[in-house]
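**Student:** structure for the following, please:
(chains A and B)
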Amino acid sequence: MLTFPIYLDNNATTPLDPRVLDAMMPYLTNKFGNAASRNHAFGWHAEEAVDYAREQIASLINCSSKEIIFTSGATESDNLAIKGVFEMYASKGDHIITATTEHKAVLDACKHIEKIGGKVTYLPVNDKGLIDLKQLEEAITDKTILISIMYANNEVGVIQPIKEISAIAKKRGILFFTDATQAVGKIPVDVEADGIDLMAFSGHKMYGPKGVGALYVRRKNPRVKVTAQMDGGGHERGMRSGTLNVPGIVGLGKAAELAKQEMEADTARISAMRDRLEKELLTIEESYVNGSVEHRLPHVSNISFKYVEGEGLMMGVKDIAVSSGSACTSASLEPSYVLKALGLSDDLAHSSLRFGLSRFTTDEEVDFAIDHVKEAVAKLRSMSPLWEMFKEGIDLNSIEWAEH
Amino acid sequence: MAYSDKVIDHYNNPRNVGTLDKAKNNVGTGLVGAPECGDVMRLQIEVDDNQVITDAKFKTFGCGSAIASSSLATEWLKGKTVDEALAIDNMDIVEELALPPVKIHCSVLAEDAIKSAINDYRVKNGLPALELPKSHH
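**Tutor:** A predicted model of the protein is given here:
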């Protein structure tokens, strides 16, 4: 049976897996101790639970449990990595390389670096959303201390060539940080095989709770350190002060364990549903997939339906929860900067919907979504002046639009 | 963002969607907005010999508020004289549809579309185009 609205916005956040909640519950109730309390059982239980979660997470991404720094989420991890490296390695240089399609947490942390005197190169991406490795190499200077490139993009799901990027960084003795928020728990991420020095990820994108995340910080080959961005009790090896969010950490650990166990089966099922959804929606005339389809997360599809506007379309598909590259919802009239970086015209960027499937998505839900979107697109096109002009063979670029 | 009931009603049951013959002398067509900005409205009026608007049609590419603003505009236009139509102010639309501040530009666009359709009609019928106040968005 279907319950409405159907949730297909799993890049924004995923539901909490009930098994994760079960694992967390004792730490929200009677096991409430502070993991830093060293002299009684309440503290020991909490510390034990945190240590166990560290192991679960380390096992998922193939690192040592000592390399996990718990944070409040990926935004904090991004900030800690970028600002922390910039401060810690100030004597080595002041230049950071990133890309234009990064998450705002990375871009805005980089803007902060520029404000305090650092230099940042923002690499463009091609029409598939991928950076050019040659441009990356060319951007490196004697002063470059950090390359920050996301593992997979949140809007289009495009996966960057992580191994190739890390090889370039290693060759030039530069640290490599990746925001892997959308990748960890969804696709195999191995910090050793991938050559990652720092990595941000978050609980609520992998069926864990909100308000908890982590920063992986390499301890060997090379030993990496970041300057703490908050002062306090010196928790997490001095890199992140603040009483540990024990229930959240336990949840993140359990989510990591489940991801490791179920990733292969989940991916097979979810990607089959995604492919079916996409194939069906692409039968709609003038619809286009955004970003690379070869190098892409298994659960994401970003499609533009030309001549209909994304926010209007979302209102028409009110029985499914998705998001749009149209920015009509915000005060600015600018559509998605990610889609624009891929070279989409503003009108195509305004016409996009992002579908994000999950472990809990069913075939029945996908069937419904296909019909629902097809109907809504047809309805909106029947009242779209642009669609009428297109059908009459009028070139929309030949019209002098009154910009506003 | 939550839409008002009136916006949802116009979105679900848009009034007067369609196309009038723009080649006819008694039809005025206004096309405003731009695809890059995420909204384009086309509003058309048919005017009889007594300067009364007998029919109005629209097509809109845009968000729910843009669709509702143009749908409402066509409802208001029918039966009005051209002069009465010129008096329609975007804030009347904002009030009727309870548009939030971020959606006021939709009502402005609808007012522009009305004036632009009237001007098209005037020019076709040998009248000088009215000086329109500069678009405020």
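**Student:** could you chop chain A up by domain?
**Tutor:** What the TED database lists as the domains of chain A is A:6-11+A:263-392, A:18-258.
**Student:** all helices for the stretch 301-404 of chain A, in order.
**Tutor:** Secondary structure of the stretch 301-404 of chain A (DSSP state H, counting those that start in this stretch): helices at A:310-316, A:337-341, A:346-350, A:363-382, A:385-391.
**Student:** okay, now the residue lying closest to A:Ala341 once chain neighbours are set aside: neighbour count?
**Tutor:** With sequence-adjacent residues excluded and distances taken as C-beta to C-beta, 6 or more residues apart in numbering or on different chains, A:Ala341 is closest to A:Thr100, at 4.5 Å. (Each C-beta comes from the backbone N, C-alpha and C, glycine too.) The number of residues packed near A:Thr100 is 15, by other C-beta atoms under 10 Å in any protein chain shown.
**Student:** run a quick neighbour tally on residue 16.
**Tutor:** Going with chain A. Around A:Leu16 there are 17 other residues, counting by other C-beta under 10 Å.
**Student:** switch to chain B, please.
**Tutor:** By other C-beta under 10 Å, the residues close to B:Asn16 number 19.
**Student:** in the stretch 101-250 of chain A, what residue lies closest to chain B?
**Tutor:** As assessed by C-beta to the nearest C-beta, chain B sits closest to A:Glu155 within the stretch 101-250 of chain A, at 16.8 Å.
**Student:** excluding chain neighbours, what is closest to that residue?
**Tutor:** In space, A:Glu155 is closest to A:Val338, 4.3 Å off (C-beta to C-beta, 6+ apart).
**Student:** go on, B:Cys63?
**Tutor:** A:Glu311 (3.9 Å).
**Student:** distance of the one you found from A:Ala81?
**Tutor:** According to C-beta to C-beta, to the nearest Å, A:Glu311 stands 34 Å off from A:Ala81.
**Student:** for those two, indicate the residue with more neighbours.
**Tutor:** Ranked by neighbour count (other C-beta under 10 Å), A:Glu311 and A:Ala81 place A:Ala81 first, with 31 against 23.
**Student:** could you pull out the strands in the chain for me?
**Tutor:** With no chain named, the answer covers chain A. Secondary structure of chain A by DSSP state E: the strands cover A:6-7, A:68-71, A:95-99, A:119-123, A:144-148, A:175-179, A:198-202, A:213-217, A:287-289, A:300-305, A:320-321, A:323-324, A:352-356.
**Student:** meant chain B actually
**Tutor:** For chain B, applying DSSP E gives strands covering B:27-34, B:39-47, B:53-61.
**Student:** counting by contacts, list what the shortest one packs against.
**Tutor:** Contact here means 3 or more C-beta pairs under 8 Å, 6 or more residues apart in numbering or on different chains; DSSP states H and E; on that basis strand B:27-34 packs against strand B:39-47, helix B:104-124.
**Student:** doesn't B:Val94 make contact with B:Tyr7?
**Tutor:** Rather than Tyr, residue B:7 is Val. No - at 11.2 Å, B:Val7 does not count as touching B:Val94 under the criterion of C-beta atoms under 8 Å.
**Student:** compare the two (neighbour count), which wins?
**Tutor:** B:Val7 (27 against 20).
**Student:** the more buried one and A:Ser382, how far apart?
**Tutor:** Remark: distance between B:Val7 and A:Ser382 (C-beta to C-beta) = 19 Å.
**Student:** still on that earlier bit, export the helices of the stretch 301-404 of chain A to a markdown table and append columns for distance to A:Pro222.
**Tutor:** Output for the helices of the stretch 301-404 of chain A, formatted as a markdown table (distance: least, C-beta to C-beta, whole Å):
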| stretch | distance to A:Pro222 |
| --- | --- |
| helix A:310-316 | 44 |
| helix A:337-341 | 31 |
| helix A:346-350 | 40 |
| helix A:363-382 | 45 |
| helix A:385-391 | 54 |
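**Student:** of the ones you listed, which is nearest A:Phe201?
**Tutor:** Among those, helix A:337-341 comes nearest to A:Phe201, with 19.2 Å by C-beta to C-beta.
**Student:** what about the nearest residue to A:Ile82 once chain neighbours are set aside, how many neighbours?
**Tutor:** Nearest residue to A:Ile82, sequence neighbours excluded (C-beta to C-beta, 6+ apart): A:Ala109, at 4.2 Å. Per other C-beta under 10 Å, the neighbour tally for A:Ala109 reads 25.
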